[in-house]
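Asks: I would like the atomic coordinates for the input below:
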Amino acid sequence: MPKYFNTIKVKISDEEKKQRLEDYKYAIKHGFYFGPPVDIEDFMKRDIFDESVRFKCLKCGFEDVLEFDILEEMWDESISDYPILPCYHCSKEKFVPIDIYHKQTLKVFR
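Replies: Below is the predicted model:
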């Protein structure tokens, strides 16, 4: 879990849970799922949240929201306290979580 920036948590609907359950069943059937079996009844009862992070470019100001699951796969916490990505707009490696953006820009104005 990130210490230096916030995530946006949104509870998924029952309809979304059903869709994810269908995706899970499809993955099992076609050999795409390699994890432990999921207790379907427990899955449907549990509150499940999607997490995302707002990003902003320190160079051009472009903003976007990215899924935290994907960020976790790309980001090595042993190297950096927060992910630093190439900006989709200007291609500079200055795309950071918005909390970090605010901290960095506040330092400039002090």
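
Asks: Q19 belongs to a helix, doesn't it?
Replies: Yes: under DSSP: H, G, I helix; E, B strand; the rest coil, Q19 sits within a helix.

Asks: check contacts around it.
Replies: The contact partners of Q19, by CB atoms under 8 Å, 6 or more residues apart in numbering, come to none. C-beta coordinates here come from the backbone N, C-alpha and C atoms, glycine included.

Asks: give me the residues contacting the helix or strand of the chain with the lowest mean pLDDT.
Replies: Least confident helix or strand of the chain, by mean pLDDT, DSSP states H and E, is helix 98-109 with a mean of 84. The set of residues external to helix 98-109 that reach it, using CB under 8 Å, 6+ apart, is 4-6, 53-58, 63, 82, 96.

Asks: same question for stretch 70-81.
Replies: The contact list for stretch 70-81, computed with CB under 8 Å, 6+ apart, reads 3-4, 53, 82-83, 85.
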